[in-house]
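K.L.:
pasted the sequence and its predicted model underneath.
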Amino acid sequence: MDPTNIIIPLLGFNIRIELGQLLIVFFIVGIAFLFLNILKVKHGEWNILFPEQQRECH
């Protein structure tokens, strides 16, 4: 394969990877927005990844 012919497939692959990452970030931000603003859930109440590290707000 000629080195000049590999640039377009690599660029296309890279663009797809970056778009996939942006899609995941937008999905997570959308879920956070839904919980915090629409459902009015407090931030400390939906910490499901590390529940033992929750801080109680006084």
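P.N.:
Ah, there it is. Residues are numbered from 1 along each chain as shown.
K.L.:
show me where this protein has helices.
P.N.:
Per DSSP state H, the chain carries helices over the ranges 7-33.
K.L.:
show me the shaky parts of this structure.
P.N.:
1, 43-58 (pLDDT under 70).
K.L.:
residue at max distance from the center of it?
P.N.:
Asp2 (36.4 Å; Cα atoms, centre = their mean).
K.L.:
now Ile6: how far from Phe13?
P.N.:
10 Å (Cβ to Cβ, to the nearest Å). C-betas here are computed from N, CA, C, even on glycine.
K.L.:
got it, and Ile24?
P.N.:
From Ile24 across to Phe13, the span is 17 Å (Cβ to Cβ).
K.L.:
repeat that for Ile38.
P.N.:
Taken as Cβ to Cβ, the span from Ile38 to Phe13 is 36 Å.
K.L.:
can you report phi and psi for Leu39?
P.N.:
phi -90, psi -10 (degrees, to the nearest 10).
K.L.:
quick check, central residue of this protein?
P.N.:
Closest-to-mean residue, the chain, Cα atoms, centre = their mean: Val25 / 2.2 Å.
K.L.:
show me what contacts that one?
P.N.:
For Val25, no contacting residues are found, by Cβ atoms under 8 Å, 6 or more residues apart in numbering.
K.L.:
next: Leu10.
P.N.:
Contacts of Leu10 (Cβ under 8 Å, 6+ apart): none.
K.L.:
how far away is it from Leu34?
P.N.:
Note on Leu10: its distance to Leu34, by Cβ to Cβ, is 36 Å.
K.L.:
quick one: Gln21 from Asn14, how far?
P.N.:
Gln21 is 11 Å from Asn14, by Cβ to Cβ.
K.L.:
typo on my end, Gly30
P.N.:
Gly30 is 25 Å from Asn14, by Cβ to Cβ.
K.L.:
neighbours of Asn14, how many?
P.N.:
10 (other Cβ atoms under 10 Å).
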